[in-house]
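In: Everything below, folded, please.
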Amino acid sequence: MKFDLNNPRILALTGVMTALVFALTRPIVPTPIGYTHLGDVAIYFTALAFGPWAGMIAGGVGTALADLLSGGYAHFAPLSLLVHGLQGLVVGLIYRQMKGSGVGLFISLLVGGVIVVGGYFLGEMLVPIWGGPSGAVGEVWFNVVQVLVGSVGGLVYLGVLRAYPRLSQMGE
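Out: Numbers count the residues shown, from 1 in each chain. As a prediction, this is how the structure comes out:
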């Protein structure tokens, strides 16, 4: 199905996936090394299943809204919009370019993780309100854990694809 926001099905699907990213990003999950969230699971799933444009919109808008409505994280909303939007776009583009192969899945998840870790590092490093240099260095491991947890979205996608093979046609 071609991505066209004038198509009510695509608009609704993108809206639902944006809401899912928001719903999984908003709750903070404690881990042994700090806090993370599950929003990346939905971003990866959306980009793999529905393509780069849905991944970009759902990833960027969903995480930015979660930051805005989570009290102490509102100042991160612009950075989240940019980083997670780019994550969803690039993951979807790489996966489609590599024809949905297993290698394509691995590379797309790896590059998506690099975008998140590198994007937050650079953003926090350059903008003092986002943490400055010391904050950027201190957040790297939290972001690595977040994208590793988020890569479960690739496994979720494979499971849903196995049960519903037509899913592979959704992001074309």
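In: State the mean pLDDT of stretch 154-170.
Out: Average pLDDT, stretch 154-170: 88.
In: got it, and stretch 113-133?
Out: Stretch 113-133 comes out at a mean pLDDT of 91.
In: Run the chain-centre distance for it.
Out: 16 Å (Cα atoms, centre = their mean, to the nearest Å).
In: Which helix in this structure has the most residues?
Out: helix 102-126 (DSSP state H).
In: who touches it?
Out: 40, 43-44, 47-48, 79, 82-84, 86-88, 90-92, 94-95, 97-98, 130-133, 135-137, 139-140, 143-144, 146-148, 150-151, 154, 157-158 (Cβ atoms under 8 Å, 6 or more residues apart in numbering). Quick note: C-beta positions are derived from backbone N, CA and C, even for glycine.
In: Which SSE is immediately downstream of that helix?
Out: helix 132-150 (DSSP states H and E).
In: okay, the angle between that following helix and helix 102-126?
Out: In terms of direction (axes from the mean of the first three to the mean of the last three Cα atoms, to 10 degrees), helix 132-150 departs from helix 102-126 by 160 degrees.
In: In PyMOL, how would I select the buried members of the contacts of helix 102-126?
Out: In PyMOL, this line selects whichever of the contacts of helix 102-126 come out buried by 16 or more other Cβ atoms under 10 Å:
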select buried, resi 40+43+44+47+48+79+82+83+84+86+87+88+90+91+92+94+95+130+131+135+136+139+143+146+147+150+151+154+157
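In: which stretches of this protein have low pLDDT?
Out: 1, 31, 33-35, 171-172 (pLDDT under 70).
In: at 80 what do you get?
Out: Applying pLDDT under 80 to the chain picks out residues 1-5, 28-36, 130-131, 169-172.
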